[in-house]
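need a structure here:
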Amino acid sequence: MGFPGTWMTETESVVYRVVPKCACSTIGQIMYFSDHGEFFDGDIHDATDGLHKWANEGSQKLITSNVKEHRSYAFTCVRNPYTRILSSFFDKICGIQRNGRRYRGNLVPLLIQKYGIEVGSPEDNFQFDQIKSFRRFLLFARDTVRFRKPMEPDIHWSAMSGHISTFVVNGGRYDNIFWTEKFDPGMQSVLDNIKTQFPIDLKDIPRFNESEGHGPKRAHPVEDYFDDLSMHLVYEMYKRDFQLFKYDFENPANKMPTGEIDLAEVHAKLGD
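Numbers count the residues shown, from 1 in each chain. Next up is the predicted model:
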């Protein structure tokens, strides 16, 4: 299986396991800048050179040998499951993608037909009942995660622990897992442990939110989207994420972690 979703700088200064919807655009650009002294011109996910990625066949042997020998500092970044699934809904289901089309072609028509979801459009300024529509999307997301119907779960709403585990199961070890909600201190703790070609001051790094601007804005506080049933569905999908990465399941309004991540526990529980 190898190391899907793994990126590494060309200088092999650092290895990163991408977790979708967890600041991956910003992290990728920081890695690119650390080697080249400039940002990639465009969405870092589209870069085919300047950064080793598992998706590029020419990078796979380099990544494999580095990770298995643990030659470089390895890290990943996580996010509160409540805000992550909300972000996935607004970006991937409601938003218009970079290519000017809906995400995954026939996915949104399928959701409208089978789950009664509304998503609005740029023409009507994305006017629709966000809470009702999101809760129906949650039913669909749960069906994909638990039953793999009507399709396999998408990477943007499959559990973070699933992404993170592939790295461990195939022989990798993390030196650091930090939270999107405490991004600057977390990213700084990575930079403090690696040697970069070009110095990086996080105060000067823009946030590369590639999903922003082509969909509706969230109209309500996070907690308004989650009633008792919604919280149950979220727990069904993300129980391990809440437990391992120390997020507060009981209170959707609290996006901050409630304790420290135990790397030994992560490796033990995700290495099965």
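
all helices for this structure, in order.
24-36, 57-69, 81-88, 107-115, 130-142, 160-169, 183-191, 228-245, 263-270 (DSSP state H).

weakest of those in terms of mean pLDDT?
Mean pLDDT values for the helices of the chain show the minimum at helix 107-115, a mean of 93.

now that helix: buried residues?
Neighbour counts over helix 107-115 (16 or more other Cβ atoms under 10 Å) mark 107-108, 111, 115 as buried. Heads up, the C-betas are built off the backbone N, CA and C, glycines and all.

any chance of those residues in CSV, plus distance to Lys239?
Shown next, in CSV, are the buried residues of helix 107-115 (distance: Cβ to Cβ, whole Å):
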residue, distance to Lys239
Leu107, 25
Val108, 28
Leu111, 24
Tyr115, 23
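
just put the helices of the chain in JSON lines and tack on distance to Phe75.
JSON lines is the format used below for these (distance: least, Cβ to Cβ, whole Å):
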{"stretch": "helix 24-36", "distance to Phe75": "9"}
{"stretch": "helix 57-69", "distance to Phe75": "12"}
{"stretch": "helix 81-88", "distance to Phe75": "18"}
{"stretch": "helix 107-115", "distance to Phe75": "31"}
{"stretch": "helix 130-142", "distance to Phe75": "27"}
{"stretch": "helix 160-169", "distance to Phe75": "10"}
{"stretch": "helix 183-191", "distance to Phe75": "5"}
{"stretch": "helix 228-245", "distance to Phe75": "13"}
{"stretch": "helix 263-270", "distance to Phe75": "10"}
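
Phe198: which of those is closest?
Distance to Phe198, taken as Cβ to Cβ, is lowest for helix 24-36 among these, at 6.0 Å.

can you say which of the helices of the chain is nearest to Trp7?
That would be, of the helices of the chain and by Cβ to Cβ, helix 24-36, which comes in at 6.3 Å.

tell me who's in contact with Phe226.
82, 234, 252 (Cβ atoms under 8 Å, 6 or more residues apart in numbering).

buried ones from those, can you make that a ChimeraX selection?
In ChimeraX syntax, the buried subset of the contacts of Phe226 is picked out as below (16+ other Cβ under 10 Å):
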select :82,234,252
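
follow-up on the earlier one: list just the nearest of the buried residues of helix 107-115 to Asp192.
Nearest member of those to Asp192, counting by Cβ to Cβ, is Leu107, at 41.1 Å.

show me what contacts the closest one?
93, 151.

how far away is it from Met1?
Applying Cβ to Cβ, to the nearest Å, the value for Leu107 to Met1 is 26 Å.

what of Tyr73?
23 Å.

between those two, which one's more packed in?
Tyr73 (18 against 6; other Cβ atoms under 10 Å).

quick check: the more buried one touching Val14?
Yes: contact criterion Cβ atoms under 8 Å: Tyr73 and Val14 qualify, at 5.2 Å.

joint contacts of the two?
190, 194.

domain boundaries for the protein, per the record?
6-80+156-204, 83-154+215-238 (the TED database).

for those domains, which one sits closest to Asp248?
Proximity to Asp248 (Cβ to Cβ) singles out domain 6-80+156-204 among the domains of the chain, at 8.1 Å.

mind checking how far that closest one is from the chain centre?
In this view, domain 6-80+156-204 has its centroid 12 Å away from the chain centroid, taken as Cα atoms, centre = their mean, to the nearest Å.
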